[in-house]
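Engineer: Requesting a structural model of the entry that follows:
(4 chains)
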2 protein chains.
Amino acid sequence: MNKQSYLAAAEQHCLHRGCKLTALRRHILELVLEYDGVVKAYQVLADLQRERGVAAPPTVYRALDFLVEQGLLHKVDALNGFVVCSHFECNHHGLILVCEQCGRVEEIDASQFLGALKEVTEAVGFESREQNLLLTGLCKACHA
Amino acid sequence: MNKQSYLAAAEQHCLHRGCKLTALRRHILELVLEYDGVVKAYQVLADLQRERGVAAPPTVYRALDFLVEQGLLHKVDALNGFVVCSHFECNHHGLILVCEQCGRVEEIDASQFLGALKEVTEAVGFESREQNLLLTGLCKACHA
DNA sequence: AGGGAAGTGTTATATAATAACATAATGACT
DNA sequence: AGTCATTATGTTATTATATAACACTTCCCT
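Structural biologist: Okay, here's the model as predicted:
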């Protein structure tokens, strides 16, 4: 999926969810898309400043938070960063793989093992709501 | 396991691994043990300052990092905090459950589903090294 | 005792995130 | 079109989190 169709799909996705991908939000999503893997909020902020002159942290954080809320981005807490979600359509439950060497980020669908996970958590009476699953290691290219 | 025997075991654990649980590190571990769930570095710092007069962030962070490295604590990135690992002996692979309501943290052994997880990651050629698995939701008591 | 390694102290600063309030744009309704 | 509530954005300041860099000490080995 190229960037233009991704953005169009993202826009539709927001509409379906009853909110809007405004110009600013779209712009910030585009800035994130420029990167391959994880992006930091302040990188995006710097990019935005380069393009618009001024911009303050809340501008960026608000947009990023919105995009996360809509499932268009994932927050990668372990790295204080954000990454594009490539399959926001499906009610995805992703597992994020971060390569320590090249920094690349891969998001894989984890539905296979989420069943097993649910069993384990339910066994202790825990009702899961949000997930934050991340692995670091070496990607295919880097450990080959 | 009470605190005294935990500390003794922790000390042994470090020795076996060829390093030392110094007075400072032990002290900071004790401070973390005072809390039920997740503790922030600056909380520990404040506690330390209350007891010793002065203390600076690096003092705390270095000790916390050491304790994480030895497996005595886990870093909970999603909350910028640290939590005691209750089973540092076994080569544990934990899954951390954080209750949104009461703030309690539970660490469960996830070896059951790590097999499934390994299958999934290996399928894409990723060689995992470190894990960062966290779920938020409601604990048994809070959703009952 | 000498000397390297590990640990700790100290100061300053970098990085990440949010609070609080002001202003502007949007859209629903009359 | 006009008014009004809602949502979005701008702006300033501050809080929270974490690390760099260098000095000093302690420990242990020979």
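Engineer: how is chain A carved up into domains?
Structural biologist: A:3-84, A:94-143 (automatic domain parsing).
Engineer: At the contact with chain B, which residues of chain A appear?
Structural biologist: A:77-78, A:95, A:97, A:99-100, A:106, A:108, A:110, A:112-113, A:116-117, A:119-121, A:124-140, A:143-144 (CB under 8 Å from any CB of the partner chain). Using the backbone N, CA and C atoms, a C-beta is placed for each residue, glycine as well.
Engineer: Now do the helices in chain A.
Structural biologist: Using DSSP state H, the helices found in chain A span residues A:3-16, A:23-33, A:41-52, A:57-69, A:111-123, A:140-143.
Engineer: For the first one, list every residue counted as buried.
Structural biologist: Judged by neighbour count (16 or more other CB atoms under 10 Å in any protein chain shown), helix A:3-16 contains these buried residues: A:6-7, A:10-11, A:13-14.
Engineer: Other residues contacting the helix-or-strand element of chain A with minimal mean pLDDT?
Structural biologist: Ranking every helix and strand in chain A by mean pLDDT, DSSP states H and E puts helix A:111-123 at the bottom, with a mean of 80. Helix A:111-123 is contacted from outside by A:93, A:95, A:127-128, B:95, B:97, B:108, B:110, B:112-113, B:116-117, B:119-120, B:135, B:137, using CB atoms under 8 Å, 6 or more residues apart in numbering or on different chains.
Engineer: Longest strand in chain A, please.
Structural biologist: In chain A, taking DSSP state E as the definition, the longest strand is strand A:127-138.
Engineer: List the contacts of residue A:137.
Structural biologist: A:97-100, A:143, B:121, B:126-130.
Engineer: Please name the bridge partners of it.
Structural biologist: Residue A:137 has these beta-bridge partners by DSSP bridges: residue A:99, residue B:128.
Engineer: which bits of chain A sit near DNA strand C?
Structural biologist: Residues of chain A that fall close to DNA strand C, judged by CB under 7 Å from any atom of the strand: A:40-42, A:56-58, A:61, A:65, A:80.
Engineer: out of the residues you listed, what pair is the most spread apart?
Structural biologist: Spanning the widest gap among the residues of chain A next to DNA strand C are A:56 and A:80, at 18.2 Å by CB to CB.
Engineer: In a markdown table, list the buried residues of helix A:3-16 along with distance to DNA strand D and pLDDT.
Structural biologist: Below are the buried residues of helix A:3-16 laid out as a markdown table (distance: CB to the nearest atom of the strand, whole Å; pLDDT from 0 to 100):
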| residue | distance to DNA strand D | pLDDT |
| --- | --- | --- |
| A:6 | 19 | 95 |
| A:7 | 15 | 96 |
| A:10 | 14 | 96 |
| A:11 | 13 | 96 |
| A:13 | 14 | 95 |
| A:14 | 9 | 96 |
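Engineer: just for chain A, where's the confidence low?
Structural biologist: Low-confidence segments of chain A (pLDDT under 70): A:90-92.
Engineer: So for residue A:63, what's the nearest residue that isn't a sequence neighbour?
Structural biologist: Closest residue to residue A:63 apart from its sequence neighbours, by CB to CB, 6 or more residues apart in numbering or on different chains: residue A:28 at 4.1 Å.
Engineer: from what I can see the one you found touches residue A:61, true?
Structural biologist: No. Using CB atoms under 8 Å as the test, residue A:28 is too far from residue A:61 to be in contact (9.9 Å).
Engineer: Against residue A:119, how distant is residue A:128?
Structural biologist: 11 Å (CB to CB, to the nearest Å).
Engineer: Which residue of these two possesses the greater neighbour count?
Structural biologist: Comparing residue A:128 with residue A:119 by other CB atoms under 10 Å in any protein chain shown, the one with more neighbours is residue A:128, at 15 against 11.
Engineer: For residue A:10, which residues are in contact?
Structural biologist: A:21, A:26, A:29, A:70, A:72, A:88.
Engineer: for residue A:77, same thing?
Structural biologist: Residue A:77 neighbours (CB under 8 Å, 6+ apart): A:132, A:134, B:77-78, B:132.
Engineer: thought residue A:30 was touching residue A:11?
Structural biologist: No. Between residue A:30 and residue A:11 there is no contact under CB under 8 Å: 11.8 Å.
Engineer: one step back: neighbour count for residue A:56 and residue A:80, which is higher?
Structural biologist: Taking neighbours as other CB under 10 Å, residue A:56 and residue A:80 compare with residue A:80 leading, 13 against 10.
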